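> Predicted model, plus sequence, below.
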Amino acid sequence: MTTNLFDVLAKLVAFDTRNDDPSQKPGKECPEYINRLLTDAGCHTELLESEGYYTAFGRRGSGAFKILFLAHFDVVPFGSGWNSDPLSLKIDGDVAYGRGACDDKGNVVSLILLAEHLMQSDLPCTVMFAMTGDEEIGGRNGAGMLRDWLVKHGLFPDYVVVADGIHQQIIHRRRNILPTYVKVDANKAKVRGKPETVRFTTETYGSNTRHSAYLRPGVDRHAMLTASKYLDMHPETVVSDVRGAFLKSNVVPDWVELDVVHPDSSGVESTYDIALTKLLRVLLAISQAAFPTRHSDKGKIISPNLLSKESDIWTLYCDVRAMTNNNDEVEQSIREAVKGKLELSSLKVLGGAGYVDVAPDSRLIRAMEWALNKKGVFYSIIEGFGGSDSRYFAGQGADLFDFGPEGDNLHGANEWVSLPSLRENAEVFHTMIEVLTREKNSE
């Protein structure tokens, strides 16, 4: 068996595996296809399921240690600004465009290629492959379920490589994700004034990504925070409604529009929402909420990504990223930030799965460095921007890191991946396993 890299990636991208909890879930067609490829590569496969989310799983071999390679096949909604069909792989030289090409279906291809390499070498260890279907909405029914399943079946790994990253960097640290929900009761009132619709856009430096974890305050512009700044500059202006490209919890909206009224006694009578106005005004204060956290090279992020109204209740979702597992302290800091400015209906900060912090000189990372150097791949050991399924295995006794191909624009328009780097990564992973095997057998 020899996998045609382009054909497999094109097939994977063509599966519509958008994850928009709870309205849209990926089906089982994509993981079934992945399992067929793993079976052809000599793996024993199973299709795991949890609450309607599927995980493709394969394993082969036995011996000195167990290593898990973990990726995901679900993707974020498309958004706007594409130059091609997001579900149809577009090739331009060595670069392929499509939703999931980089995050994370390209990594799935690398792992299929790795499984093929292992058919030829039959290394004395247990190698497991898992591709989950809910990473983009938190991973509880994918990686979280898989962790518990592996423990139950005596397969918990010694090493975990999460194939979810970019630029062929070894990612050994990641911030925790603490989902935050702010609710306020709608409160309509009348005012005379001049109505206007004002539009605000998100601008990111050097990339089209809309993944909120990649936002760098002071460099990038968030549409919702820009709207809050606008209201800060116009203290008498009130808001009657809001709309925007609200896609997903970890996706910054491309644009936001406010229907505002500038008070003027000679103007027309208009209805506005007192609570909505105050909520939007206080977004800047929320984004600066101070709470204890370990240092992160990527900083602390409080990103207001979703805003909706149901049954006269406005719900704001903030994507909070920080090196802390203490959700109570985060919640208290936000309460302090809005105190006297906004009457809350409720505020809830969830604890998340935890942050990742692995020693850069661990055995697994040293083996990966050796393999990358042998292949001549330039790399660095860094803290990653976004979260990944690695957080479900951090602190559980497994050595781990995240790694991915050359690519960019994940969660944004025209997501792309370097095709040569997909094959290169499979070869590097194989060499890394060889190094680990030699080390274990020499003990």
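Yep, it's here. Numbers count the residues shown, from 1 in each chain.
> which residues does Tyr317 contact?
Applying CB atoms under 8 Å, 6 or more residues apart in numbering, we find Tyr317 in contact with Pro179, Thr180, Tyr181, Val182, Ser249, Pro304, Asn305, Leu306, Leu307. From N, CA and C alone the C-beta is placed, and that goes for glycine too.
> Verify the stated contact: the fourth one with Thr315.
Yes: Val182 is in contact with Thr315 according to CB atoms under 8 Å; the separation is 7.3 Å.
> quick one: which of those two has more around it?
Set Val182 next to Thr315 and count neighbours by other CB atoms under 10 Å: Val182 wins out with 24 against 16.
> and the more buried one, what are its bridge partners?
Judged by DSSP bridges, the bridge partners of Val182 are Leu316, Leu347.
> residue contacts, the nearest residue to Ile302 once chain neighbours are set aside?
Excluding the flanking residues, the one nearest Ile302 by CB to CB, 6 or more residues apart in numbering is Ser287, at 4.7 Å. Residues counted as contacts of Ser287 (CB under 8 Å, 6+ apart) are Pro217, Leu225, Ile302, Ser303, Pro304.
> Residue ranges in the stretch 201-350 of the chain under the pLDDT threshold?
Along the stretch 201-350 of the chain, no part satisfies pLDDT under 70.
> now the strands: where do they sit in it?
For the stretch 201-350 of the chain, the strands defined by DSSP state E, counting those that start in this stretch cover 238-244, 255-263, 268-273, 301-310, 313-322, 346-349.
> which residues of the stretch 101-250 of the chain fall in helices?
Along the stretch 101-250 of the chain, counting by DSSP state H, counting those that start in this stretch, helices occupy 105-121, 145-152, 223-233.
> in the stretch 1-150 of the chain, which segments are predicted with low confidence?
1-2, 21-22.
> Residues touching stretch 26-41, excluding its own?
1, 3, 8, 11-12, 15-19, 45-47, 49, 53-58, 73-74, 108, 112, 115-116, 118-119, 129, 131, 133-134.
> how deep is Ser23 tucked in, by neighbour count?
Residues lying near Ser23 (other CB under 10 Å) number 7.
> contacting residues for it?
Listed by CB under 8 Å, 6+ apart, the contact set of Ser23 is empty.
> quick revisit: including mean neighbour count and distance to Arg423, could the helices of the stretch 101-250 of the chain go into CSV?
Shown next, in CSV, are the helices of the stretch 101-250 of the chain (neighbours: other CB atoms under 10 Å; distance: least, CB to CB, whole Å):
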stretch, mean neighbour count, distance to Arg423
helix 105-121, 23, 6
helix 145-152, 17, 26
helix 223-233, 20, 38
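> how far away is Arg221 from Tyr205?
9 Å (CB to CB, to the nearest Å).
> do the same with Thr55
For Thr55, the distance to Tyr205 equals 36 Å [CB to CB].
> got the residue ranges for the strands in the stretch 51-200 of the chain?
With DSSP E, counting those that start in this stretch as the criterion, the stretch 51-200 of the chain has strands spanning 53-60, 66-72, 90-92, 95-97, 126-132, 159-163, 170-174, 176-185, 188-201.
> which helices and strands does the lengthiest helix in the chain pack with?
Taking DSSP state H as the criterion, the chain has its longest helix at helix 419-441. When contacts are defined as 3 or more CB pairs under 8 Å, 6 or more residues apart in numbering; DSSP states H and E, helix 419-441 packs onto helix 5-14, strand 66-72, helix 105-121, strand 159-163, helix 363-375.
> Tabulate the helices of the stretch 101-250 of the chain (a markdown table), appending distance to Val198.
A markdown table is the format used below for these (distance: least, CB to CB, whole Å):
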| stretch | distance to Val198 |
| --- | --- |
| helix 105-121 | 38 |
| helix 145-152 | 44 |
| helix 223-233 | 6 |
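> give the contact list for the residue of the chain most remote from its centre.
Relative to the centre of the chain, and counting by CA atoms, centre = their mean, the farthest-placed residue is Ser266 at 49.2 Å. Applying CB under 8 Å, 6+ apart to Ser266 gives the contacts Arg192.
> Also the one 4 residues further on?
Residues in contact with Ser270, defined by CB under 8 Å, 6+ apart, are Lys190, Val191, Arg192, Gly193, Pro195, Ser240, Val261.
> Now a ChimeraX select for only the buried ones of those.
What follows is the ChimeraX syntax selecting those of the contacts of Ser270 that are buried according to 16 or more other CB atoms under 10 Å:
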select :191,193,240,261
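> Which element is encountered next along the chain beyond the strand or helix carrying Leu37?
With elements taken from DSSP states H and E, the one containing Leu37 is helix 29-40. Sequence-wise, the next helix or strand downstream of helix 29-40 (DSSP H and E) is strand 44-50.
> buried sites along that following strand?
For strand 44-50, burial by neighbour count (16+ other CB under 10 Å) applies to Thr45, Glu46, Leu48, Ser50.
> other SSEs contacting that strand?
By 3+ CB pairs under 8 Å, 6+ apart, strand 44-50 packs against helix 29-40, strand 53-60, helix 145-152.
> So what touches the last one?
This points to helix 145-152. 48, 50, 53, 55, 57, 68, 70, 128, 130, 132, 156-157, 392-393, 396.
> Could I have the buried ones of the residues you listed as ChimeraX selection syntax?
Buried members of the contacts of helix 145-152, defined by 16+ other CB under 10 Å, are picked up in ChimeraX with:
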select :48,50,53,55,57,68,70,128,130,132,156,157,392,393
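> Wait, Leu350 touches Gly138, no?
No: when contacts are counted by CB under 8 Å, Leu350 is not listed as touching Gly138 (9.4 Å).
> Need the residues touching each of these two.
Pro179.
> and those two? which has more neighbours close in?
Gly138 (23 against 15).
> Quick one: residues contacting the more buried one.
Residues in contact with Gly138 (CB under 8 Å, 6+ apart) are Ile177, Pro179, Ala353.
> Going by neighbour count, which of those residues comes out on top?
Ranking those using other CB under 10 Å puts Ile177 first, with 27 neighbours.
> ok, so what distance separates that one from Val268?
For Ile177 relative to Val268 (CB to CB), the value is 44 Å.
> Repeat that for Phe393.
Look at Phe393 and Val268: by CB to CB, they are 59 Å apart.
> so how far is Gly61 from His117?
In terms of CB to CB, His117 sits 12 Å off from Gly61.
> ok, for Lys25, nearest residue in space, not its chain neighbours?
Distance criterion CB to CB, 6+ apart; nearest residue to Lys25, sequence neighbours excluded, is Gly52 at 5.6 Å.
> Next, count neighbours for that neighbour.
By other CB under 10 Å, 13 other residues sit near Gly52.
> ditto for Ile433
25.
> Which pLDDT value goes with it?
Ile433 is assigned 96 on the pLDDT scale.
> neighbours around the residue lying closest to it once chain neighbours are set aside, how many?
Leaving out its chain neighbours, the residue that sits closest to Ile433 by CB to CB, 6+ apart is Leu123, at 5.7 Å. Leu123 has 19 neighbours, counted by other CB under 10 Å.
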